[in-house]
Structure formats: C-alpha cells, structure tokens
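Asks: Have a look at this prediction, sequence included:
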Amino acid sequence: MRERAVEAADRRIWGDDDRFAERNGWRATRASLFVRRYRDPRFDRLALDPDAGREEIPVAAEDGIPAGGGLRLAGGFRG
C-alpha cells in the first residue's frame, strides 16, 4: 500500500514534466525515486557531426573581414 502511494506521488510530481518531454520527443528516464533525467535525442546527432553544424566562412587575409564584408556569425545546431 505504501509503495503504491509513493509511486503515485512520484507520477503526480513528475507528470507534467514527463508529458512535456514526450510532446517534444525527449526521452525521460527515471533515475531513482523522485529523480528524472530528460534528454533531447537531437544531442546524439552532435557525435555524428563533429563540427556541430558550423559553417566555414572564408576570411580575407589582408583585413581579416569575412568575405562579403561585415561580421557574420555562423554555427548552431542543425536539428
């Protein structure tokens, strides 16, 4: 009886977060009682893409400004 009450409390505490994770395609792992780990599986793709989706931007040697002029930020996650 006590065990069922503890399990119910665990589900009640983490229920909203578990549903949020499921809606977003995340994996929810019950690490222990009242402890969850959430992981977005897109992070696993980073191991397959070592440059993490960054672009190579050619830089003009004489002035150090990216080709095309001006500053341009590149990078990010392709998901």
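Replies: Okay, I see it.
Asks: can we go C-alpha only for contacts and neighbour counts from here?
Replies: Fine.
Asks: what sits against Tyr38?
Replies: Tyr38 sits next to 21, 26-29 when contact means CA atoms under 8 Å, 6 or more residues apart in numbering.
Asks: The residues you listed, buried ones only, as a PyMOL selection?
Replies: Selection command for PyMOL covering only the buried members of those, criterion 16 or more other CA atoms under 10 Å:
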select buried, resi 21+26+28
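Asks: State the three-state secondary structure for the residue nearest to Arg36 when sequence neighbours are not counted.
Replies: Closest residue to Arg36 apart from its sequence neighbours, by CA to CA, 6 or more residues apart in numbering: Arg30 at 4.6 Å. When classified by DSSP: H, G, I helix; E, B strand; the rest coil, Arg30 comes out as strand.
Asks: hmm, back to that, would you turn the contacts of Tyr38 into CSV with distance to Arg2 and pLDDT?
Replies: Below are the contacts of Tyr38 laid out as CSV (distance: CA to CA, whole Å; pLDDT from 0 to 100):
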residue, distance to Arg2, pLDDT
Ala21, 28, 93
Trp26, 30, 93
Arg27, 28, 92
Ala28, 24, 91
Thr29, 23, 91
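Asks: and of the contacts of Tyr38, the nearest to Val35?
Replies: Closest to Val35 out of the contacts of Tyr38 is Thr29 (8.6 Å), distances taken as CA to CA.
Asks: Good, wrapping up.
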